[in-house]
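Participant: sequence unknown, structure follows:
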Ligand code: G3I
């Protein structure tokens, strides 16, 4: 395990740039990889990555092995990469991902068995309820059974709720999708039961986004997710955890730790674990040079994680990517000044940034899980 011990005062760096007082006079310090700092508190740390990168990019692979205890593929388990046709499965990418992870002693998280996006073209037609339900059950059963005993957790259903009227006209916020339209609202509980039948032990997760900030939209989202989780538990659906994607915005000031912390407690009161499942902090809207943006990003990581890790039902943190070299945000969220976006703990040269120690510092300060 690479040991990272470094002390660099960035306030001097910022002063040299003639910049104003930083968001928090961050200093890079810490020992051990992020996973070892998490594990010391009974937590885990991991990252998502695109299939093949561990074989294609040695520097990136070394960083993943040094920092992570778990990895999740960004696409390999999705329908558009698993299902070339209705009668076919192509597990080649997923098998390769699982093999590489296990070779390097990394735990694996499956993402995602049911989502309204990343669907193959042949799935666009009108299937009709019974056929769609059978297709969904067969997909989950075949996929989960194949990796039985190898997965730490599965995102069974991803992003089923959206309070915005464009995605849902329902009071429960269930958003329009092939599955809701053709199977009905019971598709969610059915998916969890199918996954449990295929693997009796794996942690089954409901994964969703937009639950962190203090806005009316996020309020409605949190309330709807909590209602869904209560209903699933009341129906006996085997949901074990809530995955909170936590795609954050360094320019967003409406983070209310008290309100966020209460939501975590409400989820935990249902007997559920919580995983921060896709954490990154976009600096797309933050003005200034990289050192200033890095401060803002680090502050956002620290505010989120210092609050989240106080809730003992939070079991781990997964960043969506590990290095700025491969963040999904580059494609979908480019800065107006065309500067590279910097949302992750390592920069594009695999060097730790202020965000790295904001994450490590949150682990170091977290209550120990027994
Ligand atoms: O693999 C093909 C490649 O063969 C082809 O040449 C290329 C053409 O564009 O596409 C490649 O597939 C792309 C894939 O990423 C791998 O890079 C897909 O088009 C692209 O849609 C896919 O985007 C992923 C997206 O989910 C949709 O699956 C992103 O990498 C991934 O970061 C993103 O992750 C989602 C989570 O699953 C759910 N939460 C939000 C998060 C960010 O959107």
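Facilitator: On my side now, so go ahead. Keep in mind it's a predicted model, so treat the numbers as computed, not measured. Numbering: from 1, shown residues only.
Participant: From here on, just use CA atoms for contacts and neighbour counts.
Facilitator: Fine.
Participant: Pull out the buried residues from stretch 362-370.
Facilitator: Of the residues in stretch 362-370, 362, 363, 364, 366, 368 count as buried by neighbour count, 16 or more other CA atoms under 10 Å.
Participant: Out of those residues, list just those in helices.
Facilitator: 362, 363, 364 (DSSP state H).
Participant: Residue 295 and residue 370, how far apart?
Facilitator: 33 Å (CA to CA, to the nearest Å).
Participant: From residue 241, how far out is residue 226?
Facilitator: Look at residue 226 and residue 241: by CA to CA, they are 12 Å apart.
Participant: what are the ranges of the helices in the stretch 251-370 of the chain?
Facilitator: Assigned by DSSP state H, counting those that start in this stretch, the stretch 251-370 of the chain shows helices spanning 257-268, 290-308, 329-332, 354-365.
Participant: helices and strands around the second one, which ones?
Facilitator: What that stands for is helix 290-308. For helix 290-308, the packing partners by 3 or more CA pairs under 8 Å, 6 or more residues apart in numbering; DSSP states H and E come out as helix 10-16, helix 257-268, strand 273-282, helix 354-365.
Participant: any idea of the mean pLDDT in the first one?
Facilitator: Same thing as helix 10-16. For helix 10-16, the mean pLDDT works out to 48.
Participant: Pull the contacting residues for the residue of the stretch 101-250 of the chain at minimum distance from the ligand.
Facilitator: Using CA to the nearest ligand atom, the single residue of the stretch 101-250 of the chain nearest to the ligand is residue 118, 5.0 Å away. By CA atoms under 8 Å, 6 or more residues apart in numbering, the residues touching residue 118 are 78, 79, 80.
Participant: Tell me the helix or strand right after the helix or strand hosting the last one.
Facilitator: If you go by DSSP states H and E, residue 80 is part of helix 79-82. Beyond helix 79-82 on the C-terminal side, the first helix or strand identified by DSSP H and E is helix 92-103.
Participant: buried set for that following helix?
Facilitator: 93, 94, 97, 98, 101.
Participant: What of stretch 208-226?
Facilitator: 208-214, 218-226.
Participant: Narrow those residues to those in strands?
Facilitator: residue 208 (DSSP state E).
Participant: re the thing from before, the ligand is nearest to which of the helices of the stretch 251-370 of the chain?
Facilitator: Comparing these by CA to the nearest ligand atom, helix 329-332 comes nearest, at 7.8 Å.
Participant: What are the contacting residues of the closest one?
Facilitator: With CA under 8 Å, 6+ apart as the criterion, helix 329-332 contacts 282, 340, 341.
Participant: pretty sure the first one contacts residue 341?
Facilitator: Right, the one you point to is residue 282. Yes. Using CA atoms under 8 Å, residue 282 and residue 341 qualify as a contacting pair, with a distance of 7.2 Å.
Participant: Tell me which residues are up against stretch 107-114.
Facilitator: 69-75, 77-79, 98, 101, 139-140, 150-158, 191.
Participant: Likewise for stretch 269-277?
Facilitator: With CA under 8 Å, 6+ apart as the criterion, stretch 269-277 contacts 207, 229-230, 233, 239-246, 264, 267-268, 313-320.
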